[in-house]
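Undergrad: Predicted model, plus sequence, below.
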Amino acid sequence: MELFAGGGGLAMGVHAAGFRLVLLNEYARRACETLLTNGAVPRMTEIIPEPDEPPPLAEGPIQNLNFGYLSGKVELLAGGPPCQPFSLGGEHRGSEDERNMFPEFFKALRQIQPKAFICENVRGLLRPSFRPYFDYILNELSLPFVERGNVDWREHSATLSKERRVVPAAPEQQKMRYNVIATPVNAADYGVPQIRQRVIIVGFRADLGIGEDLWRTKFAPRKTHTEKALFSQLRDPASEYWTRHADVPEDVKKQVINALPSANLEEDNSEMRPWRTLRDAIMGDAERSEPPLPETGLVDYGEHPGTPVRGHIGWPGARIYDGHTPNALDRPAKTVKAGVHGVPGGESVMLLDDGTHRYMTVRETARVMTFPDCWTISGPRGEQMRQLGNAVPVLLAKKFAEAVAEALRYATH
């Protein structure tokens, strides 16, 4: 089951890992349109769909929903509570922000009692100003059945901290708590062509025996891509990277090589793959059946007959100035953001090989978020970009969901 489904990134990744979606929930109208356009159906009854039926979407505020009918019937609860309260791009109000939906995630955990959960959020939760509330989140996720009542969250967190140190012996007591592991991640380290710093929290019902040590040593996704490996390829004009991008002008290639920081130019002898770049995303991936996205016609800011995928449409007004620098093609893209007042411009502008610059298209941004080209994003451009900025990269979601699935198989067989 997925809460705060947004544009569908986390749900798509979890589904790709082999889980069957039994319920989606989303509040934002345009995001609901996206989910319905891509196969979800409006929820009409509190009945779990059959394996061959599409997932139902419960539209509207999560506060109005009761998930009791799913109790004991869900393997995995997934969701990314709205991140603006804790984001550098938000208003930094944290637990006092009315958009803080962590209490609703706790409620769903109590009502559903899944075997496991995945919760994604911004790295800002780890900042010193929010760290006490982050510790409270971990405590609440560990012991969701110890309800807070009318006390302040700080007082409740202290109570939970003491309770966590008591290890229950009875299996029924173990089913009432979760082993919780939080992992800071950079999506680029897992093959996403974007620098995206996040924290992913996974939890397993304590009676399953999947603790932090076992998760980290046996199941947790391993980093597969590094900056060092990218720099190693970029500095070699005959490398696989430049062979793959043979159309790059020689003078541009030399500029990229000359701009590499000397401290990172040593040989990379590890088995890690290079970080994927914005150029990689635009040129496509044969393994994902992605064709190269055309550049011709985008300066006209309109639909063109030769454009093979939706949303690859130019947008006027891109500017470069201090504090508003563009994406470089031969680095992972900057973090795709939704922003409080719309999409920040600097994160969606890119510098082209000919020295000009323009806004990234919606489809280029979707590629950076590892959304497949077949996924339709609803609404005007600003709303589409907002959905992408709020999403979880599909590939990152898939890797963590696959790891959780493997752990569950291990625990139950």
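TA: Happy to help now that I have it. Numbers count the residues shown, from 1 in each chain.
Undergrad: tell me, which helix in this protein spans the most residues?
TA: Among all segments of the chain classified by DSSP state H, the helix with the greatest residue count is helix 394-412.
Undergrad: tell me which strands and helices it is in contact with?
TA: On a contact count with 3 or more C-beta pairs under 8 Å, 6 or more residues apart in numbering; DSSP states H and E, helix 394-412 meets helix 9-16, strand 76-79, strand 116-122, strand 197-205. The C-beta positions use only the backbone N, C-alpha and C, and glycine is treated the same way.
Undergrad: pLDDT on that helix, on average?
TA: This predicted structure assigns helix 394-412 an average pLDDT of 97.
Undergrad: any residues touching it, and which ones?
TA: The set of residues external to helix 394-412 that reach it, using C-beta atoms under 8 Å, 6 or more residues apart in numbering, is 9-10, 12-14, 16-19, 75-76, 78, 115-116, 118, 120, 185, 187, 190-192, 196, 198, 200, 202, 204, 208-210, 214-215, 218-221, 369-372.
Undergrad: which stretches of the stretch 151-300 of the chain aren't confidently modelled?
TA: Under the criterion pLDDT under 70, the flagged ranges of the stretch 151-300 of the chain are 263-269, 300.
Undergrad: Could you do the stretch 1-150 of the chain as well?
TA: Within the stretch 1-150 of the chain, the segments meeting pLDDT under 70 span 83-100.
Undergrad: all strands of it, in order?
TA: Per DSSP state E, counting those that start in this stretch, the stretch 1-150 of the chain has strands spanning 2-3, 24-26, 41-42, 56-59, 76-79, 116-122. These are given in chain order.
Undergrad: Touching the last one from outside, list them.
TA: Contacting residues not belonging to strand 116-122 are listed as 10, 14, 75-81, 83, 86-88, 105, 109, 141, 178, 197-205, 208, 210, 392, 397, 400-401, 404, 407-408 [C-beta under 8 Å, 6+ apart].
Undergrad: if we go to 6 Å?
TA: The set of residues external to strand 116-122 that reach it, using C-beta atoms under 6 Å, 6 or more residues apart in numbering, is 76-78, 80, 83, 86-87, 198-204, 392, 400, 404.
Undergrad: Quick check: the closest residue to residue 67 other than its chain neighbours vs residue 1, distance?
TA: Across the structure, with C-beta to C-beta, 6 or more residues apart in numbering as the measure, the residue nearest residue 67 apart from its sequence neighbours is residue 111 (4.3 Å). Here residue 111 is placed at a distance of 10 Å from residue 1 (C-beta to C-beta, to the nearest Å).
Undergrad: Please say which of those two ends up with more neighbours.
TA: Relative neighbour count places residue 1 above the other of residue 111 and residue 1, with 27 against 17, counting by other C-beta atoms under 10 Å.
Undergrad: That one against residue 73, yeah?
TA: No: counting by C-beta atoms under 6 Å, residue 1 does not reach residue 73; the two are 9.2 Å apart.
Undergrad: which residues in the stretch 301-413 of the chain form helices?
TA: With DSSP state H, counting those that start in this stretch, the ranges of helices along the stretch 301-413 of the chain come out as 362-368, 381-390, 394-412.
Undergrad: so which of those is the most packed in?
TA: Comparing those by mean neighbour count (mean count of other C-beta atoms under 10 Å), helix 362-368 ranks first with a mean of 26.
Undergrad: And that one, what does it pack against?
TA: Contact here means 3 or more C-beta pairs under 6 Å, 6 or more residues apart in numbering; DSSP states H and E; on that basis helix 362-368 packs against helix 278-283, helix 381-390.
Undergrad: Please identify which of these is closest to residue 5.
TA: Minimum separation from residue 5 across the helices and strands packed on helix 362-368 (C-beta to C-beta) falls at helix 381-390, 10.4 Å.
Undergrad: The closest one to helix 9-16, inter-axis angle?
TA: Using axes from the mean of the first three to the mean of the last three C-alpha atoms, to 10 degrees, the inter-axis angle of helix 381-390 relative to helix 9-16 is 60 degrees.
Undergrad: Can I get helix 381-390 as PDB, trimmed to CA atoms?
TA: As requested, C-alpha coordinates have been extracted for helix 381-390 and formatted as PDB (Å, rounded to 0.1, in the frame of the first residue of the first chain):
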ATOM      1  CA  ARG A 381       4.000  22.300 -17.100                       C
ATOM      2  CA  GLY A 382       4.500  23.800 -13.600                       C
ATOM      3  CA  GLU A 383       2.300  21.100 -12.100                       C
ATOM      4  CA  GLN A 384       4.100  18.400 -14.000                       C
ATOM      5  CA  MET A 385       7.500  19.700 -12.800                       C
ATOM      6  CA  ARG A 386       6.100  20.000  -9.200                       C
ATOM      7  CA  GLN A 387       5.100  16.300  -9.300                       C
ATOM      8  CA  LEU A 388       8.500  15.300 -10.500                       C
ATOM      9  CA  GLY A 389      10.200  17.400  -7.900                       C
ATOM     10  CA  ASN A 390       8.200  15.800  -5.100                       C
END
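Undergrad: packing partners for it?
TA: With contacts taken as 3+ C-beta pairs under 6 Å, 6+ apart, helix 381-390 sits against helix 362-368.
Undergrad: So what's the gap between the helix it packs on and the chain middle?
TA: Taking C-alpha atoms, centre = their mean, to the nearest Å, the mean C-alpha location of helix 362-368 is offset from the chain mean by 14 Å.
Undergrad: got the contact list for residue 7?
TA: 31, 34, 387, 391 are the contacts of residue 7 under C-beta under 6 Å, 6+ apart.
Undergrad: The second one contacts residue 378, correct?
TA: Read it as residue 34. Yes: in this structure, residue 34 is within contact of residue 378 by C-beta under 6 Å, at 4.4 Å.
Undergrad: if we can go back for a sec, and the helices of the stretch 301-413 of the chain as TSV, adding distance to residue 128?
TA: Written out in TSV, the entries for the helices of the stretch 301-413 of the chain read as follows (distance: least, C-beta to C-beta, whole Å):
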stretch	distance to residue 128
helix 362-368	30
helix 381-390	25
helix 394-412	26
